[in-house]
Each structure stands twice: as structure tokens, then as C-alpha cells.
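Visitor: Could you work out the structure for the sequence below:
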Amino acid sequence: MKKHIKIYRFEHPENGRGIFRNNLANSGVCDNIDERHADFNVPEMDGVDLYKDDLEWFCAYKSKEDVKAWIKLEEFKHLLKLGFQLKELVVTNYQEGFHQVIFTKDSIQNTKYITQYSTL
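Guide: Numbers count the residues shown, from 1 in each chain. This is a model prediction of the structure:
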């Protein structure tokens, strides 16, 4: 049996993209998200390979604590208002970097939706 891990991803249900690949996130109260993540390495600089095995890889946070460190309460609320969902995922095909993890969507074993910041 493959080892699995639990990870956290903001994603918009309309297009399956995360907050950094959607123009929706960079509006209003969320303007500081990109600025705060300036020191957050892009996947290529974080020790993961976005082209490994010629698969489509997606970025996620490694823990609840990471989500809270990088996304503040007001930003969380605003992202939900914009239609983003925070998903707690259990995945089996992943690569861990220093700041983040990347995974393939076909390896998702379980999905839980987090709707309250207090449950992080």
C-alpha cells in the first residue's frame, strides 16, 4: 500500500485552479497574499519537479499550521466569499518541498472541506 499524507489546498470549483493561478484571489483584502508569499519558493525552487513522470501536478500546503501562517483570517473569509474552497486532501502521489507539497489529483483518496478558520 502506498504511503499517504494529509495536505491542504485552496481551489476554485469553476476551474480547479488554486489561489495563485486565479486572478480572483488578488482582489481587495487578498492583495497581501502574493506579497507575503514573495519568500515562498515557487515549486521549481522548492525541490519538487512539476514535470515528473509527465503528470499534472498541483500545489498545496503541507499542514494546517502552514495555511494559518500564510493565509490570515480575513483573507480566508474573502477567499471563501470569492468561491474558493479549502480542501483537506489525503493523497498518495506527492512530492514534498521545503514550503509546499505537490500532488496529482488522481491520487486523492479522501476530501474534506474546511469552512471555518477555527477548525484549522
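
Visitor: From here on, just use CA atoms for contacts and neighbour counts.
Guide: Noted.

Visitor: Spit out the contact partners of Thr111.
Guide: By Cα atoms under 8 Å, 6 or more residues apart in numbering, Thr111 lies in contact with 87-90.

Visitor: Looking at these, which is nearest Thr115?
Guide: Looking at these and their distance to Thr115, the nearest is Lys87, at 9.0 Å (Cα to Cα).

Visitor: Helix, strand or coil: sort out that closest one for me.
Guide: Following DSSP: H, G, I helix; E, B strand; the rest coil, Lys87 is assigned to strand.

Visitor: ok, it - how many residues close by?
Guide: Per other Cα atoms under 10 Å, the neighbour tally for Lys87 reads 18.

Visitor: for Glu88, same thing?
Guide: There are 21 residues near Glu88, going by other Cα under 10 Å.

Visitor: contacting residues for it?
Guide: For Glu88, the contacting residues are 6-9, 111-114, by Cα under 8 Å, 6+ apart.
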